[in-house]
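Participant: below are the sequence and a predicted model for it; my questions follow.
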Amino acid sequence: MTQRETIMDETGDKVRTSRILWMHRWSPRLLSFRLTRAPGFRFVPGQFARLGLTKANGAPVWRAYSMASANWEDYLEFYSIVVPDGAFTSRLEQLAVGDEVMIESQPFGFFTTNRFADGRDLWLLGTGTGLAPYMAILQDESTWQRFERLILVHCARNGEDLAYRHEIAALRTHPLWGEHGHKLIYQPVATRESLPGALQARIPELLRDGTLESRVGIPLTLENSRIMICGSPEMVHDTHKALMARGFSLSRLAAPAQIAVENAW
């Protein structure tokens with residue numbers, strides 16, 4: 001999961017304090033930020049961390065965010081929607097470089113590529129901040145070595161909400177996996193705006209009518225496709241349902257199949 005608010009008590013040495021190193025506003029409702037990373041914090045790309053801030057009354061409020069940074073970087077990057085009057089994000093957007101954020105000392109989650117048996121094509125379907133875990137997965141050298149094609153589909157309402165576009169383009173020439181850069185296909189989707197190169201419908205609709213496969217030129221098949229879905233609960237549900245209607249199944253560690261899902265809030 002990338003974002004979920006909950007109240008909980010601080011749990012001693014399970015919680016560390018990190019400093020904000022960098023903040024970037026993509027649009028009025030979207031921002032990214034980087035935190036210092038403790039040397040002992042290890043994660044598998046696709047996992048999330050629990051971050052905490054203190055409210056005015058002194059109570060901590062916690063939210064889960066997927067790491068958007070590579071697991072080899074010396075910082076942790078996160079991608080957030082700013083929720084109007086949100087207990088966490090209304091406080092977060094007021095912070096600046098040097099301010100402190102609490103972070104639990106271990107990562108969580110199973111939204112990782114090791115849930116899959118080998119396949120040819122890795123489909124990364126995301127809406128909004130559901131892009132975050134894919135940025136970490138696409139900065140893992142093993143992802144580029146394991147799959148023959150990487151299809152990243154990011155859906156947002158408007159063009160300004162299609163964050164990380166330059167960073168995604170730069171992945172193709174990264175020195176760690178540059179020889180595999182041709183494998184990446186990026187397909188933007190904007191549901192409320194017509195943009196050059198972008199599709200304009202919800203991901204479940206693009207799957208049901210075949211538009212997505214036609215645009216990228218790659219068919220979805222039980223044998224070759226491994227599909228990750230991350231976004232709003234409605235998008236995840238509808239996309240999962242559309243794929244199940246075609247015979248795809250949820251992948252489990254004990255029974256590998258074709259689909260992995262994660263709600264982005």
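Facilitator: Noted; the coordinates are in hand.
Participant: show me the contacts for the closest residue to residue 165 other than its chain neighbours.
Facilitator: Nearest residue to residue 165 in three dimensions, chain neighbours excluded: residue 188, at 7.2 Å (CB to CB, 6 or more residues apart in numbering). Yep, even glycine has a C-beta here, placed from its N, CA and C like the rest. Residue 188 sits next to 154-156, 162, 165, 195, 197-199 when contact means CB atoms under 8 Å, 6 or more residues apart in numbering.
Participant: out of these, which sit inside helices?
Facilitator: Under the assignment DSSP state H, these contribute residue 165 to helices.
Participant: and the contacts of residue 188, which of them are buried?
Facilitator: The neighbour-count test (16 or more other CB atoms under 10 Å) marks 154-156, 162, 198-199 as buried among the contacts of residue 188.
Participant: about what we covered before: closest one of the contacts of residue 188 to residue 44?
Facilitator: Within these, the smallest distance to residue 44 is 21.4 Å, found for residue 154 (CB to CB).
Participant: on that earlier part again, please identify which pair of the contacts of residue 188 lies farthest apart.
Facilitator: So, the contacts of residue 188 by CB to CB: farthest apart are 165 and 199, at 14.8 Å.
Participant: hey, what's residue 30 bridged with?
Facilitator: Beta bridges link residue 30 to residue 27, residue 81 when assigned by DSSP bridges.
Participant: summarise which helices and strands the longest helix along the chain is packed against.
Facilitator: Among the segments of the chain that qualify as a helix by DSSP H, the longest is helix 233-244. When contacts are defined as 3 or more CB pairs under 8 Å, 6 or more residues apart in numbering; DSSP states H and E, helix 233-244 packs onto helix 203-208, strand 225-231, strand 259-263.
Participant: any idea of the angle that helix forms with strand 259-263?
Facilitator: Angle, helix 233-244 to strand 259-263, by axes from the mean of the first three to the mean of the last three CA atoms, to 10 degrees: 170 degrees.
Participant: and helix 233-244, how far out from the chain middle?
Facilitator: Mean C-alpha position of helix 233-244 versus that of the full chain (CA atoms, centre = their mean, to the nearest Å) differs by 17 Å.
Participant: ok, residues contacting it?
Facilitator: 125, 127, 130, 155, 202-204, 207-208, 220, 227, 229-231, 250, 258-259, 261-265.
Participant: what are the buried residues along it?
Facilitator: For helix 233-244, the neighbour count (16+ other CB under 10 Å) marks 235-236, 238-240, 242-243 as buried.
Participant: could you measure from the residue lying closest to residue 258 once chain neighbours are set aside over to residue 83?
Facilitator: In space, residue 258 comes closest to residue 248 once its chain neighbours are excluded; the distance is 4.6 Å by CB to CB, 6+ apart. According to CB to CB, to the nearest Å, residue 248 and residue 83 sit 32 Å apart.
Participant: residues near the nearest residue to residue 73 once chain neighbours are set aside, how many?
Facilitator: Nearest non-adjacent residue to residue 73, counting by CB to CB, 6+ apart: residue 37, 7.3 Å away. Neighbour count for residue 37, taken as other CB atoms under 10 Å: 22.
Participant: low-confidence stretches in this protein?
Facilitator: Along the chain, segments meeting pLDDT under 70 span 1-13, 265.
Participant: could I get the full set of helices for it?
Facilitator: For the chain, applying DSSP H gives helices covering 89-92, 132-137, 141-146, 165-171, 203-208, 211-216, 233-244.
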